[in-house]
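Colleague: Next input, structure requested:
(one chain, ligands or ions: 1)
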Amino acid sequence: MDQLRFRHAGEPLLLDSLTLRIRAGERVALVGPSGAGKSTLLALIAGLLPAAGGEIRVDGLPVDEVHARRLRARMAWIGQGSHVFAGTVQRNVALDRSGVRREEVRDALALAALDGVAQALPEGSLGERGIGLSGGELMRLALARAAVQPDARLLLVDEPTAHLDPRTAEAVIEGLLRLARDRTLIVATHDPALIARMDRTIALNARDATIGTATDTPTDTPTDPPTKTPIVTPMAPPHASIALGSAA
Ligand SMILES: Nc1ncnc2c1ncn2[C@@H]1O[C@H](COP(=O)(O)OP(=O)(O)OP(=O)(O)O)[C@@H](O)[C@H]1O
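Modeller: Sure thing, here's the model as predicted:
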């Protein structure tokens, strides 16, 4: 993205002159204090919010109304607010994709470690058996949904381990890493365990610091804690874009 600017209606500028390049297959943690704009940036990348200036490109295509439909198919949004409808976990994974094969759903459930609850009815669904799912299982349901979208090469993930106990969080992280093997991953998170598993950390500063400035840090090894002295890496032209992982 190049010189990206954004403000919520009636609010001060939240992101200013944000220039980033994310390469195909990279796993990137978007970090920063609450309110720094991590979820907002994910929504901008997804084309759910219009930028006030600058440009975001995904796989060379500008994220705008003209390309919205094509790009939507290339992205998957994974968040705790994922909607569930009345029906089993298995049906919730298949959604209304008429082309999805039974084996693909089975593989997606296995990837998200949901095979044991394939026939359960998520909480809030209207079925008779009302077994319900935990927060971690709902997050893994969102992972499994992304897994049956072969064209979704860019995973936009919002706080996948928030409010989860460490064991469940680890299961979600493992599922996410398996899913991201041949895809590009951008994850907004505060979780050091998840940050440590990413290739790179991009830190957004709070509004009262330098508005929307990003600092960019490689995450050296999985065992290293997130570094406290991020290196600012100004992007050389061509200012870029987010490239998508190639198909497996
Ligand atoms: N629809 C909206 N209208 C106005 N302001 C909004 C809207 N959505 C978010 N904001 C504000 O924009 C700022 C950034 O919010 P955002 O959710 O992107 O932050 P975040 O870094 O993801 O925070 P957290 O870590 O708490 O999830 C916050 O100050 C928030 O109150």
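
Colleague: If we go by neighbour counts, what in stretch 190-203 is buried?
Modeller: If you call a residue buried by 16 or more other C-beta atoms under 10 Å, then stretch 190-203 has these buried ones: 191, 194-198, 200-203. Placement of C-beta: from N, CA and C, glycine included.

Colleague: Alpha carbons of it, in CSV - could you do that?
Modeller: Presented in CSV, the C-alpha positions along stretch 190-203 are these (Å, rounded to 0.1, in the frame of the first residue of the first chain):
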residue,chain,number,x,y,z
HIS,A,190,-1.6,-8.6,20.8
ASP,A,191,-0.6,-12.2,21.5
PRO,A,192,3.2,-12.7,21.9
ALA,A,193,2.9,-16.4,21.2
LEU,A,194,1.3,-15.7,17.8
ILE,A,195,3.6,-12.8,17.0
ALA,A,196,6.6,-15.0,17.6
ARG,A,197,5.4,-17.4,14.8
MET,A,198,5.1,-14.8,12.1
ASP,A,199,7.9,-13.8,9.7
ARG,A,200,7.5,-10.1,10.3
THR,A,201,5.9,-7.6,12.6
ILE,A,202,4.4,-4.3,11.5
ALA,A,203,3.6,-2.0,14.4
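
Colleague: Return the distance of it from the chain's centre.
Modeller: Centre-to-centre, stretch 190-203 and its host chain are 13 Å apart (C-alpha atoms, centre = their mean, to the nearest Å).

Colleague: So, low pLDDT: which residues of this structure?
Modeller: 80-82, 96-98, 122-132, 206-216, 218-248 (pLDDT under 70).

Colleague: got the residues of the chain near the ligand?
Modeller: The chain comes close to the ligand at residues 8, 11, 14, 32, 34-40, 188, as judged by C-beta under 6 Å from any ligand atom.
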